[in-house]
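Colleague: fold the following, please.
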Amino acid sequence: MKDSVSVTKTISLNAYGIDHDNIHYQLSPEELQDITIEKGMGKEASSGALAVNTGEFTGRSPKDRFIVKDDITKDKVWWGDINIPFDSDKFDALYTKVIAYLNEKELYVRDSYACADPDYKLNIRVINEYPWSNMFAYNMFLRPTDAELDDFDPEWTVVNAPGFMADPNVDGTRQHNFAILNFSKKIALIGGTGYTGEIKKGIFSALNFILPVYKNTLPMHCSAN
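Modeller: The predicted model follows:
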C-alpha cells in the first residue's frame, strides 16, 4: 500500500499585477500557524490557539473606511460619516502602489466564499501579506471543496497589505491606514492595519450593498459556525 502524498496547490496572481511565484495557496490552519510562529509573528497559547499582536490597531477604524464613488454607487449609497466617498482615480493609483509593494512580499492566498445559500453565494479570493491574516480568512469564510476549487472563479477579491502605509497627502486617505471598497472592480483594498476584522467587514459591507440592490434581499448582521 502506497503512502498518501500531499499535493501542494498553486496559483498565479498575474491577473492582479503580481508576477512572482512566492505564493502559498490554500494552506491548512496548522501550516499557517507553524509559519506564523516560525517567523516570530505570533505565539501558541496554552490552549493551542494562535496569539497574535495586531499592532497599532486592535479594532476597526470606521473613519478610514471608504467606498469608491462611481456610476454603480453614486446614487445608491447613503454617503456621509459612515459611507465616506473615495475617488476612483485615487483608488487606481493606490491599488497600483499596494500591488507594487506586494510584489516584493511572500504572499498567502485563499479562495473561499460567503453565503451558504447558492442563490446568494459570493466567491472570494483573499490575498494576504501575513500568514495569520490568511488563517483568519480560513476561519471566517466558507470553504470550497477540492472539486469546487478546480474551476473556482472569484467574484470579489480582498487585497490585504497591513505593512503598507499610505501617504494621506498623496493617496487621498485620512491617515496611513485604509479599507476601501470598489464595487466596479469588486475589490476590497486594505492597508496599514493588521486588524483582521477589516477583511470580514469588507465582505460584509459588500454584501450589504449586493444583496438589497441585486438580490432584493435584506441582509442581517449575524453568523453561524
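Colleague: so N134 is in contact with M140, correct?
Modeller: No. At 10.6 Å, N134 does not count as touching M140 under the criterion of CB atoms under 8 Å. All C-beta atoms are positioned from the backbone trio N, CA, C, and that covers glycine.
Colleague: ok, then the element right after the helix or strand where F91 lies?
Modeller: For F91, the host element (DSSP states H and E) is helix 88-102. The first helix or strand that comes after helix 88-102 along the chain, using DSSP H and E, is strand 107-114.
Colleague: next secondary structure after that following strand?
Modeller: strand 122-128.
Colleague: low-confidence regions, the chain specifically.
Modeller: Residue ranges of the chain with pLDDT under 70: 1-8, 223-225.
Colleague: pull the CA atoms of the helix holding F91 into CSV?
Modeller: This file holds the C-alpha atoms of helix 88-102, laid out as CSV (Å, rounded to 0.1, in the frame of the first residue of the first chain):
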residue,chain,number,x,y,z
SER,A,88,-11.9,56.2,-8.4
ASP,A,89,-8.7,57.6,-9.9
LYS,A,90,-7.2,57.8,-6.4
PHE,A,91,-8.2,54.2,-5.8
ASP,A,92,-6.5,53.0,-9.0
ALA,A,93,-3.3,54.9,-8.1
LEU,A,94,-3.3,53.5,-4.5
TYR,A,95,-4.0,50.0,-5.8
THR,A,96,-1.0,50.2,-8.1
LYS,A,97,1.2,51.2,-5.2
VAL,A,98,-0.1,48.4,-3.0
ILE,A,99,0.4,45.8,-5.7
ALA,A,100,4.0,47.0,-6.3
TYR,A,101,4.5,46.6,-2.5
LEU,A,102,3.1,43.1,-2.5
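Colleague: contacts for that helix next, please.
Modeller: 16-18, 68-70, 127, 129, 159, 161, 163-164, 166, 171-173, 178, 180, 182, 184-185, 187, 189, 191 (CB atoms under 8 Å, 6 or more residues apart in numbering).
Colleague: look through the chain and tell me its longest helix.
Modeller: Ranked by residue count, the top helix of the chain under DSSP state H comes out as helix 197-214.
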